[in-house]
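S.K.: pasting the structure only:
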C-alpha cells in the first residue's frame, strides 16, 4: 500500500488523475443529467409549493457543494501549510471558482424560488444571508490569489486567509441566525418546510447530490491539472529567462 | 513595545489629522444619511443604531491600509522584523495604535452623532459600550487584512474586499446591542457575544497577522 | 562570537539565485560582498538577517546579534533626528543616543525633522541607527550610497572601531572603504545553476502528461 | 413535458439560469485547460530545440 502523499507529487498526480478523470466525468454527467431528468419530468408537484419544488434538485446540491467546497479548500490549505505539498495548494486554488459558481447558483435559484413562495426576490433570511457572505469570502479568496505574483507566497497567504476566514464564516453563520431570530421575525416560510420528504423527491435528489459531488470532483481535478501545467510553464519560462 | 506605540501615535498626530480623519469621515456619513433617507425623526431613530455602526466600520476601514504601508515603504518594517520585539508584538501594538487613533475617538464622540440621528435616549450607554467593546475587534481584524495585503499593488481595494466579510459578526452583534438598547430591552447577550469576538480576535489573530507579515516580507 | 554560513542557497521571487555559499566570519573581521547587479547581494543579506528562509544550508550565529541596514533607512519624515534615533534605541533596549549622534556628526541636526535632511545626512542617520542597536553583527546593504568622501571616510572609521571592539561586519558595497583588513567575497561564482534552478514542477515531468 | 402550472416561468428560469452558469463554468475550465496545455507544449518544444 503506497502512501496517499505520493499523489502530492505533481507527476504522480497527473498520471493518476488523468487515468480516472474520464470515468469520474462520465459518471458525473450521467448522475447530473439523469437526476435532473428524473426530478424534472417524473416527480409530482408539491401540494403546497406546486411545480417550484423541482428547483430543489438544483438548489440543494449546489448549496451543499458551496459549503463543502470551502471545507475542501480549508483541508487543502491545512495540508499545504503543514506538509507543503504544492498540489494541495493548487487544488485549493482550483476549487475556489467552482465553489463560488455553486454559491451563485444556490443564491440565484433561491431568489427565483423565493419570488413566488415569499412574494419577494430577496429576503434577508439567515440562510440566504449566510450564502451571500460565503460568496464574499470566495470572492476575497480568489482576488487574493490573483493579486500576488509569487506562487508560493500566494499559496501561503491564501491559506492563512482560508483558515481565518473559516472561523469568521462560522461566526457569521451563527451571528446571522442570531440577528434574524432576534427581535425581527424573519420570513415565515422556510425552506425546511419538508419534515418528512417523500421518497419520490428523495431519490432523484440523492442522485443529483451524487452527480454534483462528482461534478465538483471533475472540475477540481481538471482545474488542478491546469494549475499544475501553469506552474510548470512558469518554471520553464523562468528558466529560459535565466538562460 | 511602548516606544513603538508612542512613535505611531506621534506620527499620527504629526501627519495632521491622524485622530481627526476617522471622525470627519464618521461625521460625513452621519450627515449624508438624513440627506439621503429624508429628515423624518422616527425613521432616523429606527435606523440610527445600524447607521452608526456601519459608519464606524467604514471609518475604521478607511485608515487600515496605512497601518503597514508607510512602514513598508520606508523600510522600517524590515528593520522592525529584525528587532528584538516579536512580530506578534509589533502587530498587536500596530492594532492598538490604530484603535487609539480611530476606534477610541469614535466611541467617545458617538453620542454627538447619535443626537444628529435622533437615536432614542436609552440607547446612548449601549452605543458607547458596544463601540468600546467592538471597535478593538475592528482594528485587530483590519490589521490582519493589512498584513495580508502589505506591499501589493492596488492593495487598498483588495483589503476592503478581504476585511469586510470578516467584519460581519462584529457588526451584527454591535448594532444589535444598540438596537435592543434603543427599544428598552436588555442588550447583555449581544454585548457578551461581541466581547467574546473581540477577546478571541485579540488573542488569536496577531499570530495570523504576524505569519502573513513574515510571508510578505520575504 | 562567530557567523558561520554553510552551503547556503537562497531565492528571489521563487527562483534560486545563489547556491553553495559558505564562509565563516570571526569577531573583529569584516567581509565585503561583491558581484554585478542582480547577482543576489541583497537577497543573501536578507536571508542571513532572517527576513527570508534559506532554500538549503544553514546560518549560525548567537541569537539576537544581527543589526540589518537595508537600502531604505526606515526614517520617519515627521520625526526629528533625535526622535528617530531614540525610537530605535528604545526598541533595541539601549538607552543613550548621544554617543551615536556625536560619532556620526549629527549633533547639530538633532532637532531637525528627518524630511529636511539631505540624502547624505539621512544616510548618516541610518548608519547611526546601527550604533544604537548595540548588536555585534552588522549587515549592511550598500551603506555608502549618497555619502560624500568625508562621510565615507567617517563611516570607514566607525566600522573599524566597531571591528576593534569585537564586532563583525558584512557589507555589500562597490566602493573602497579603506578597510584593508576586510576580506572580499565575489558572489558571481555562487550563481545558481539555471539547470538546477527549478521547483517541483520542473522535476520528472513527462511530456506524455502534457 | 410535465405540466408546470402557474409556476412554469419560475421553474424554467431557475433551471435555465443554473444550467447556463454551470455550462459556462465547464466551458471556461476546458478553455483554460486547453490554452495552458497548448502554451506548455510550445514551451516544451522550445526547450527541446534549444536544449
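M.R.: That came through fine. A quick note: this is a predicted structure, and the numbers were derived from the prediction, not measured.

S.K.: I'd like to know how many residues surround residue C:24.
M.R.: Burial of residue C:24 is recorded as 12 neighbouring residues (other C-beta atoms under 10 Å in any protein chain shown). All C-beta atoms are positioned from the backbone trio N, CA, C, and that covers glycine.

S.K.: Let me know the secondary structure of it.
M.R.: Using DSSP: H, G, I helix; E, B strand; the rest coil, the structure places residue C:24 in strand.

S.K.: Next, the residue lying closest to it once chain neighbours are set aside: secondary structure please.
M.R.: Once flanking residues are discounted, residue C:24 sits nearest to residue C:4: 4.6 Å by C-beta to C-beta, 6 or more residues apart in numbering or on different chains. When classified by three-state DSSP, residue C:4 comes out as strand.

S.K.: Roughly how far does residue C:4 sit from residue C:166?
M.R.: According to C-beta to C-beta, to the nearest Å, residue C:4 stands 17 Å off from residue C:166.

S.K.: I'd say residue C:70 and residue B:75 touch.
M.R.: Yes. Residue C:70 is within contact range of residue B:75, at 5.0 Å (criterion: C-beta atoms under 8 Å).

S.K.: OK, now which residue of chain B is nearest to chain C?
M.R.: Residue of chain B nearest chain C, by C-beta to the nearest C-beta: residue B:75 (2.7 Å).

S.K.: Number of residues surrounding the closest residue to that residue other than its chain neighbours?
M.R.: The shortest distance from residue B:75 to any non-neighbouring residue, by C-beta to C-beta, 6+ apart, is to residue C:72 (2.7 Å). Residue C:72 has 17 neighbours, counted by other C-beta under 10 Å.

S.K.: name the element residue C:72 belongs to?
M.R.: In the assignment (DSSP states H and E), residue C:72 maps to no helix and no strand.

S.K.: which residues of chain B score low on pLDDT?
M.R.: For chain B, applying pLDDT under 70 flags the ranges B:16-18.

S.K.: which helix in it runs the most residues?
M.R.: Criterion DSSP state H: the longest helix present in chain B is helix B:188-217.

S.K.: hmm, that one touching chain A?
M.R.: Yes. Using C-beta under 8 Å from any C-beta of the partner chain, helix B:188-217 comes into contact with chain A via B:190, B:193, B:197, B:205, B:208, B:211, B:212, B:215, B:216.

S.K.: So what's the predicted local confidence for residue A:104?
M.R.: Looking at residue A:104, its pLDDT reads 95.

S.K.: still on that earlier bit, for residue C:70 and residue B:75, indicate the residue with more neighbours.
M.R.: Here residue C:70 and residue B:75 are compared on neighbour count by other C-beta under 10 Å; more neighbours surround residue C:70, at 21 against 18.

S.K.: My read is that residue A:113 contacts residue A:55, right?
M.R.: Yes. With contact defined as C-beta under 8 Å, residue A:113 reaches residue A:55; the gap is 4.7 Å.

S.K.: Give the residues shared as contacts by the two.
M.R.: By C-beta atoms under 8 Å, 6 or more residues apart in numbering or on different chains, residue A:113 and residue A:55 have these common neighbours: D:10, D:14.

S.K.: what's the burial count for residue A:213?
M.R.: 16.

S.K.: and what of residue C:110?
M.R.: The number of residues packed around residue C:110, counting by other C-beta under 10 Å, is 15.

S.K.: now it, nearest residue through space, not along the chain?
M.R.: Residue nearest to residue C:110 in three dimensions, not counting chain neighbours: residue C:82, with 4.3 Å by C-beta to C-beta, 6+ apart.

S.K.: Pull the contacting residues for that neighbour.
M.R.: Residue C:82 is in contact with C:97, C:101, C:110, C:111, counting by C-beta under 8 Å, 6+ apart.

S.K.: my read is the last one is in a strand, agree?
M.R.: No. The assignment for residue C:111 (three-state DSSP) gives coil, which keeps it out of a strand.

S.K.: what's the pLDDT at it?
M.R.: Looking at residue C:111, its pLDDT is 86.

S.K.: roughly how far apart are it and residue C:178?
M.R.: According to C-beta to C-beta, residue C:111 stands 32 Å off from residue C:178.

S.K.: Comparing the two, which residue is more hemmed in?
M.R.: Higher neighbour count among residue C:111 and residue C:178: residue C:178, with 13 against 9, using other C-beta under 10 Å.

S.K.: Around chain B, pick out the residues from chain C.
M.R.: Residues of chain C lying near chain B (C-beta under 8 Å from any C-beta): C:46, C:49-53, C:64, C:66-76, C:78-79, C:83, C:87-88, C:90-93, C:129.

S.K.: Drop anything exposed from those residues.
M.R.: With burial judged by 16 or more other C-beta atoms under 10 Å in any protein chain shown, the buried subset of these is C:46, C:49-52, C:66-70, C:72-76, C:78-79, C:83, C:87-88, C:90-92, C:129.

S.K.: who does the helix or strand where residue B:143 lies touch, helix- and strand-wise?
M.R.: Secondary structure from DSSP H and E places residue B:143 in helix B:123-149. If you count contacts as 3 or more C-beta pairs under 8 Å, 6 or more residues apart in numbering or on different chains; DSSP states H and E, helix B:123-149 packs onto helix A:126-147, helix A:151-181, helix B:41-62, helix B:66-73, helix B:87-98, helix B:104-116, helix B:155-182, helix B:188-217.

S.K.: what's the offset of it from the middle of its chain?
M.R.: Helix B:123-149 has its C-alpha centroid displaced from the chain centroid by 4 Å (C-alpha atoms, centre = their mean, to the nearest Å).

S.K.: Same question for that helix: list its buried residues.
M.R.: Buried residues in helix B:123-149, counted by 16+ other C-beta under 10 Å: B:123-124, B:126-149.

S.K.: how about the residues of chain A that lie near chain D?
M.R.: Residues of chain A lying close to chain D by C-beta under 8 Å from any C-beta are A:36, A:40-41, A:45, A:50-52, A:54-55, A:58-59, A:62, A:97-98, A:101, A:104-105, A:108-109, A:112-113, A:115-116, A:215, A:219, A:222-223, A:225-226, A:229-230, A:232-233, A:236-237, A:239-240.

S.K.: How far off centre is stretch A:220-228?
M.R.: That offset, for stretch A:220-228, works out to 15 Å (C-alpha atoms, centre = their mean).

S.K.: Could you check that stretch against chain C for contacts?
M.R.: Yes. For stretch A:220-228 and chain C, the contact criterion (C-beta under 8 Å from any C-beta) is met by residue A:228.

S.K.: if we can go back for a sec, could you single out the nearest of the residues of helix B:188-217 next to chain A to residue A:18?
M.R.: Comparing the residues of helix B:188-217 next to chain A against residue A:18 with C-beta to C-beta picks out residue B:215 as the nearest, at 32.4 Å.

S.K.: ok, now which ones touch the spatially closest residue to that closest one that is not a sequence neighbour?
M.R.: Counting by C-beta to C-beta, 6+ apart, residue B:215 lies nearest to residue A:156, which is 4.5 Å off, once chain neighbours are set aside. By C-beta under 8 Å, 6+ apart, the contact set of residue A:156 is A:80, A:81, B:215.

S.K.: Could you tell me the per-residue confidence at residue A:156?
M.R.: 92.

S.K.: Could you list the contact residues of chain D toward chain C?
M.R.: Proximity of chain D to chain C (C-beta under 8 Å from any C-beta) is limited to residues D:37, D:40, D:41, D:44.

S.K.: Repeat the analysis, applying 6 Å as the threshold.
M.R.: For chain D, the residues in contact with chain C (C-beta under 6 Å from any C-beta of the partner chain) are D:40, D:41, D:44.

S.K.: Which one (most neighbours) among those residues?
M.R.: Neighbour counts for the residues of chain D next to chain C (other C-beta under 10 Å) peak at residue D:40, which has 22 neighbours.
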